[in-house]
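> sequence? don't have it. structure:
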């Protein structure tokens with residue numbers, strides 16, 4: 001009986017080691033995860049910029065840029 005438990009333990013241990021090795025070595029899908037992370041970062045940056053432009057800081061910044069651009073030809 002004890003021998004069966006030892007065999008089961010060894011099989012389970014080998015199975016877990018193989019599973020962990022596959023996860024650490026296999027890079028399948030890694031480029032998709034990186035792509036999603038870049039898109040999420042771009043969306044977050046766009047949200048920050050949009051919030052800034054719609055607020056009071058955005059209006060004063062827009063006015064300064066307009067003044068600089070209109071003063072270039074004079």
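Sure, I can see it. Owing to the predicted nature of the structure, the values given are computational and were not obtained by experimental measurement.

> now residue 16: which helix or strand?
Per DSSP states H and E, residue 16 falls inside helix 2-25.

> other SSEs contacting the very next helix or strand once past that helix?
Counting by DSSP H and E, the next helix or strand C-terminal to helix 2-25 is helix 30-54. When contacts are defined as 3 or more CB pairs under 8 Å, 6 or more residues apart in numbering; DSSP states H and E, helix 30-54 sits against helix 56-70. For glycine as for every other residue, the C-beta is placed from the backbone atoms N, C-alpha and C.

> by contact count, what packs against the helix it packs on?
Going by 3+ CB pairs under 8 Å, 6+ apart, helix 56-70 lies up against helix 30-54.

> relative to helix 56-70, how tilted is the helix it packs on?
80 degrees (axes from the mean of the first three to the mean of the last three CA atoms, to 10 degrees).

> any idea of the mean pLDDT for helix 30-54?
Averaged across helix 30-54, the pLDDT comes to 83.

> what residues sit buried inside stretch 51-65?
By neighbour count with 16 or more other CB atoms under 10 Å, stretch 51-65 contains no buried residues.

> what's that stretch in contact with?
Outside stretch 51-65, no residue is within contact range by CB atoms under 8 Å, 6 or more residues apart in numbering.

> try 10 Å this time
Residues outside stretch 51-65 that contact it (CB atoms under 10 Å, 6 or more residues apart in numbering): 49, 50.

> from the chain's centroid, how far away is it?
On the basis of CA atoms, centre = their mean, to the nearest Å, stretch 51-65 sits 28 Å off its chain's mean C-alpha point.
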